[in-house]
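Colleague: sequence first, then the predicted structure, then my questions.
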Amino acid sequence: MKVNLPMTTWGYAILHAAVLIRIKPTSYHKYSPLQLVFGQQPNISHLRIFRCVVYVPISPPKKTMMGAQRRLDICWI
């Protein structure tokens, strides 16, 4: 990945991703892992919407040999 972040921020990014995984409901249950363990819904009031620019591949029927292969889009998380 080409990201201009200092090495010290990667630990925080991994910890943040782990917390989000514990909050998100699983495909097997309609409850999150934290809710299954503690019996109450996790507090998500501190979470904010995050946006970033991404390049999305263009599907084969819509792309041409000499045209663009990807298009610019915004990812909302």
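Modeller: The structure has been received and is ready for your questions. Numbering: from 1, shown residues only.
Colleague: can you show me the strands along the chain?
Modeller: 51-57, 70-76 (DSSP state E).
Colleague: what's near enough to touch residue 55?
Modeller: 70, 71, 72, 73 (Cβ atoms under 8 Å, 6 or more residues apart in numbering). (Glycine included, C-beta is placed from N, CA and C.)
Colleague: with residue 63 instead?
Modeller: Residue 63 touches residue 69, counting by Cβ under 8 Å, 6+ apart.
Colleague: same thing but 10 Å
Modeller: Contacts for residue 63 were tallied using Cβ atoms under 10 Å, 6 or more residues apart in numbering; they are 57, 69, 70, 71.
Colleague: want to throw these into JSON lines with pLDDT, distance to residue 24 and neighbour count?
Modeller: Formatted as JSON lines, the contacts of residue 63 follow (pLDDT from 0 to 100; distance: Cβ to Cβ, whole Å; neighbours: other Cβ atoms under 10 Å):
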{"residue": "57", "pLDDT": "84", "distance to residue 24": "25", "neighbour count": "9"}
{"residue": "69", "pLDDT": "79", "distance to residue 24": "31", "neighbour count": "10"}
{"residue": "70", "pLDDT": "82", "distance to residue 24": "27", "neighbour count": "11"}
{"residue": "71", "pLDDT": "80", "distance to residue 24": "28", "neighbour count": "12"}
